[in-house]
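Novice: got a predicted model here, sequence first, then my questions.
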Amino acid sequence: MKKVALVGLGFMGKMHYDVYSQRKDAKVYAIAEQDKRKLKGDWSSISGNIKGNKPAAVNLKGIKMVADYHELIGDKNIDWVDICLPTFMHKKVASDFLKAGHNVLVEKPVCPTLKDARELLSLKNKNKGTFMIAQCIRFWPGWNWAAEAIKKKKYGKVMHASFKRVSPPVLGWKSWFRDPNKSGGALLDLHIHDVDFIRWVFGKPQKILASGRKGKTGISHIYASYLYKGFTVCAEGGWDMPASYPFNMYFSIVCEKATLEYDLSKNPPFTVFLNGGKTIIPKIKTTTGWQEEIDYFISLIKGNKKQTFIKDREVLDTLAIIEKEKQSIITGKLKGF
């Protein structure tokens, strides 16, 4: 039985906790969390942009509960550390565990800035522990199917594509999401899912043009166009929808022979529309990207392997694209690489 130390009990920390609770080969051994109520099992304050059963009282018997993550550093019982803290805390906390030789899984975005990400990845490469950034969309059923189909040109060349990811407002611990210096706004925290997927599947664009809504919470809504040789990809993202508006993620990828569509609001969410008029409902897993990414990471731990699926260069390129988008929004100008 593998043992994980979970650091941070916000919305994503709870999501990861739920995944581990369903597994037979891993369990939560320890939790580090500053909120005293959460340490005692009162998780009623946890909320996010995706609806689900709101936790109330959680039985934490047998789990090592600490308020300071430093108490877990060097604990030989821990097989890996799962960091689900606010983005601005990732670099410091991940660095502390990496320096101690721990395996580390850290939530996205890895860091608020490209500079911080470079420094953390450089440290990761100097230490023996397995390290992975939890880019769940790469693992999400339907999205991973589409990625493979596009890379293999299953339906011919891509003609054009569009993505959309929208959400009600989110607050988080001490409203940290609303501070652009800590979260990066919707541009970095929410929109990054689609930016990473686009870069991973289509490569780095030649030029970017973006516009967006700016306010006290940073850039809260984004419209971006990525110019490639022969086609264009567009992406919309934002978390300024009303509280009653359900979270949704969507793509439409138009190829020479078919259009691939994913719409979380539909059941089933993923469909392939063939040019001849027929439709295909691909058989995809009913799991989530969180389950799949953790499954992959655990397979690395069991095999004592380094992480190679999400390459350092890709991580840095994704953050570079985000920064180019921000510059384009501010200046209103086309940005190239």
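Specialist: Arrived safely.

Novice: list the contacts for M241?
Specialist: When contacts are counted by Cβ atoms under 8 Å, 6 or more residues apart in numbering, M241 is found next to 166-169. The C-beta positions use only the backbone N, C-alpha and C, and glycine is treated the same way.

Novice: can you go through those residues and name the buried ones?
Specialist: Buried by 16 or more other Cβ atoms under 10 Å: 166-169, out of the contacts of M241.

Novice: keep only those of those residues that are in strands.
Specialist: V166 (DSSP state E).

Novice: where are the low-confidence patches of the stretch 51-200 of the chain?
Specialist: 51-55 (pLDDT under 70).

Novice: can you show me the helices along it?
Specialist: 90-99, 114-124, 143-151, 180-183, 185-189, 192-202 (DSSP state H, counting those that start in this stretch).

Novice: right, so the ones you listed: which one is the most enclosed?
Specialist: For the helices of the stretch 51-200 of the chain, the largest average neighbour count (mean count of other Cβ atoms under 10 Å) is found in helix 185-189, namely a mean of 26.

Novice: remind me what that helix packs against, helices and strands.
Specialist: Where contact means 3 or more Cβ pairs under 8 Å, 6 or more residues apart in numbering; DSSP states H and E, helix 185-189 is packed against strand 218-228, strand 231-238, helix 312-331.

Novice: picking that back up, go through the helices of the stretch 51-200 of the chain and name the closest to V254.
Specialist: With Cβ to Cβ as the measure, helix 143-151 is the member of those nearest V254 (11.1 Å).

Novice: quick one: distance of the closest one to the chain centre.
Specialist: A distance of 18 Å separates the centroid of the chain from that of helix 143-151, by Cα atoms, centre = their mean, to the nearest Å.

Novice: need the max-distance pair from the contacts of M241.
Specialist: The distance between the two most remote of those (Cβ to Cβ) is 11.2 Å, for V166 and P169.

Novice: need the residues touching each of these two.
Specialist: Joint contacts of V166 and P169 (Cβ under 8 Å, 6+ apart) are 239, 241.
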